[in-house]
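Trainee: I need the structure of the sequence given here:
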Amino acid sequence: MTWFERAEAAERLGDWDTALALVSARAGCYVDSDAHGNHLWHMDLLAAAGRFTELTELAHTDVHARRRLNRALQERGMDSALRGRAATGDRGALYALLRLLCTTDRAPEAARAVRELAPDNAYALRLLTDLRSPSDGPA
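Mentor: Okay, the predicted model is just below:
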């Protein structure tokens, strides 16, 4: 069995330590296409394992970790964590927060987040407009 097959099997079984060890040993951001693919897989494994502390640490310097962390927080409905990240200037976290709030029928809360965190962010304002339904009322 190859390392790849072992990593896939470990992932299927939820054996995160084994999967992470196998994949991270062959991961490298922008090294080559295989290493980069493994790097992205490594980020996905960290998210699947719920290892947000590790992802958060990596997110300081790794755009892929930052994106995967924000997506994982959005998928798990962790709006307070996204709000905290957005408050420190992470625009990706802000956009994930807006998507989460609007898709869970909390558009007024999303509008308030934009007003408080990024009132001049044109993309956030456009995203808010695009995500809100006509029945949500004015921003």
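Trainee: and the helix of greatest length in the chain, what other elements does it pack with?
Mentor: Across the chain, the longest stretch assigned as helix under DSSP state H is helix 33-48. With contacts defined as 3 or more Cβ pairs under 8 Å, 6 or more residues apart in numbering; DSSP states H and E, helix 33-48 has these neighbours: helix 3-13, helix 16-24, helix 52-59, helix 63-75. For glycine as for every other residue, the C-beta is placed from the backbone atoms N, C-alpha and C.
Trainee: name the residues of the helix or strand bottoming out on mean pLDDT in the chain that come out as buried.
Mentor: The least trusted helix or strand in the chain, going by mean pLDDT, DSSP states H and E, turns out to be helix 122-131, with a mean of 94. When burial is assessed from 16 or more other Cβ atoms under 10 Å, helix 122-131 yields the following buried residues: 124, 125, 127, 128, 131.
Trainee: from residue 102, how far off is the first one?
Mentor: In other words, residue 124. 12 Å (Cβ to Cβ, to the nearest Å).
Trainee: sorry, back to before: contacts for the least confident helix or strand of the chain, please.
Mentor: Applying Cβ atoms under 8 Å, 6 or more residues apart in numbering, the set of residues contacting helix 122-131 from outside is 91, 94-95, 98-99, 102-103, 107, 110-111, 114, 117-118, 139.
Trainee: top of those residues by neighbour count?
Mentor: The most crowded member of these, judged by other Cβ atoms under 10 Å, is residue 98 (30 neighbours).
Trainee: list the contacts of it.
Mentor: Residues counted as contacts of residue 98 (Cβ under 8 Å, 6+ apart) are 110, 113, 114, 124, 127, 128, 131.
Trainee: I'd like the helices and strands packed on helix 33-48 laid out as a markdown table, including mean neighbour count, distance to residue 31 and mean pLDDT.
Mentor: Listed next are the helices and strands packed on helix 33-48 as a markdown table, based on neighbours: other Cβ atoms under 10 Å; distance: least, Cβ to Cβ, whole Å; pLDDT from 0 to 100:
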| stretch | mean neighbour count | distance to residue 31 | mean pLDDT |
| --- | --- | --- | --- |
| helix 3-13 | 15 | 17 | 97 |
| helix 16-24 | 18 | 13 | 98 |
| helix 52-59 | 17 | 16 | 96 |
| helix 63-75 | 20 | 13 | 98 |
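Trainee: right, I'll call it a day here.
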